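Novice: Build the 3D model from these lines:
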Amino acid sequence: MPNLRIADLLATPPLDATCSVNGWVRTRRDSKGGFSFIEINDGSCMANLQVIADAGLPNYETAVAKLHPGSAIRATGVLTGSEGQEQAVEMKAAEIHVYGFCDILSYPLQKQRVSLERLREAAHLRVRTNTFGAVARVRNILSFATHRFFQERQFLYLNTPIITCSDCEGAGQMFRVSTLDPDKPPRDKQGNVDYSQDFFSEAASLTVSGQLEAEAYACGASRVYTFGPTFRAENSNTPRHLAEFWMVEPEVAFCDLAGDVDLAEEYLKYLFKAVLDECEEDLAFFNKRIDKTVIETLSHIVDTPFHRLPYTEAIELLGKADADFEFPVSWGIDLQTEHERYLTETAFSQPVAVTDYPRTLKPFYMRCNDDGKTVAAMDVLLPKIGEIIGGSQREERLDVLLERMHELDMDEDEYSWYVDLRRFGSVPHAGFGLGFERVVQFATGMANIRDVIPFPRTPHNARF
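Specialist: Residues are numbered from 1 along each chain as shown. Okay, the predicted model is just below:
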């Protein structure tokens, strides 16, 4: 006897056939006629399956009548057309097996609505709700679509280190990895912590990006991409920041900035089309309950070319804008979300790729332009959230890279292997980084990024 997922069962109902379905009880409603209506869900789709359990079942009084929301069961019976308006099919149970009862007094997911903030305190259970089940399914499709996109284009999937001794971004906001005794660490003659006695014999941290290692592999395998966890020790309590998040980072040899922007546009459109095509039920839920413009916005991005705009022109446009910006506009500033949203929502009404930023705003590895003031960088901006992708053409010229590192007072020895890539067959290459949770947030309309990752890591919170 087959055990079917509810999604498969509802898609092609095997009417009048006996089958089994596993799931968790959402509701149980008892009828005066001597039977119970049980709604179960297995997480495969938004919809529940209604199971009718007759009081004549052997374990009706000892088990079925004690089922509360959260209980896990297997229902076996015949699938028939439903006379009710809420569902097309229902199961008339011949057997109800209880895997696990649920304590109604302490279970946090009752019939009444539970706030998203409260659900963060029950992150181990929130996937059982409609909202977080839908988020999980959309995240899954976006993840699979990411791999599909790059594999279809002959990219090599690369696993870059999580533990590193290099700070890719140069920001210094990294989590330390150490086996030294924090109460009594060894000291050198100057009184500093002696990391030569640590596990890696030098200071090590959790990675902020796999880009540098991806560059190394691109300069030998031509096209690579990483998709893994990254970490930022930023004390940012905002709806847009996480201490642990996932990054997608392609790197392409023999590619310039224009090719980088093209790849970013193609990738985003591919992702959002996949969600529109494969998550119709979940998107309908988000469009109704979370953000009534989600489907329209995603469709618009899929169908609309991205506007290319140099940073200098963007600043000129913003300076002339009839808008009351909180952050004043002048050449050399880093664009804020309000500026990015103005460009995408008001100035152009389409996604925008801003290129050629001031070199003072960007890391050492970005290719310096001939004007001496800007670098071949790009940010892709979307309506509602602003920046979704940041990337650049990398500096492939040895002398210019070394000059830039010295300008920023960087330790050349620490990055010797990276500099070697410019000594041994250097090529033009480019890539970008995309924060995966930002994409999930955009595709679902969820307001807080903590609600689009299973177990969020934020300042003062590493629970679960």
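Novice: so is Thr344 in a helix, a strand, or just coil?
Specialist: For Thr344, the secondary structure call by DSSP: H, G, I helix; E, B strand; the rest coil comes out as helix.
Novice: same thing with Asp334?
Specialist: Following three-state DSSP, we place Asp334 in the coil state.
Novice: Quick check: closest non-adjacent residue to it.
Specialist: Once flanking residues are discounted, Asp334 sits nearest to Leu361: 5.3 Å by C-beta to C-beta, 6 or more residues apart in numbering. All C-beta spots, glycine's among them, are computed from the backbone N, C-alpha and C.
Novice: From Val375, how far out is the one you found?
Specialist: The gap separating Leu361 from Val375 is 8 Å, by C-beta to C-beta, to the nearest Å.
Novice: So which of these two has more stuff around it?
Specialist: Between Leu361 and Val375, counted using other C-beta atoms under 10 Å, Val375 has the larger neighbour count: 27 against 15.
Novice: Can you name the residues that contact the closest residue to the more buried one other than its chain neighbours?
Specialist: Using C-beta to C-beta, 6+ apart and skipping the chain neighbours, the partner closest in space to Val375 is Met366 (4.0 Å). If a contact means C-beta atoms under 8 Å, 6 or more residues apart in numbering, then Met366 has 359, 375-377, 392-395 as its contacts.
Novice: Which member of those residues is positioned nearest Leu271?
Specialist: Within the contacts of Met366, distances to Leu271 taken as C-beta to C-beta reach their minimum at Ser392, with 21.0 Å.
Novice: now that closest one, what's its secondary structure?
Specialist: With three-state DSSP as the criterion, Ser392 was assigned strand.
Novice: The residue nearest to Asp334 against Ile315, yeah?
Specialist: No: checked against C-beta atoms under 8 Å, the pair Leu361 and Ile315 is beyond contact range at 12.0 Å.
Novice: low-scoring stretches of the chain, by residue?
Specialist: Scanning the chain for pLDDT under 70 picks out 1-2, 169-172.
Novice: remind me, longest strand of it?
Specialist: Longest among the strand segments of the chain by residue count, using DSSP state E, is strand 18-31.
Novice: So for the helix or strand following it, what gets flagged as buried?
Specialist: Past strand 18-31, heading to the C-terminal end, the next element that is a helix or strand (DSSP states H and E) is strand 35-41. Along strand 35-41, the positions that meet the burial threshold by neighbour count (16 or more other C-beta atoms under 10 Å) are 35-36, 38-41.
Novice: what are the ranges of the strands in the stretch 151-300 of the chain?
Specialist: Remark: strands of the stretch 151-300 of the chain, listed N- to C-terminal, are 156-157, 163-164, 176-177, 204-206, 223-231, 244-253; assignment by DSSP state E, counting those that start in this stretch.
Novice: mind listing what's buried in the helix or strand where Tyr418 lies?
Specialist: With elements delineated by DSSP H and E, Tyr418 resides in helix 416-423, which encompasses its position. Residues of helix 416-423 classed as buried under the neighbour-count rule (16+ other C-beta under 10 Å) are 418, 421-422.
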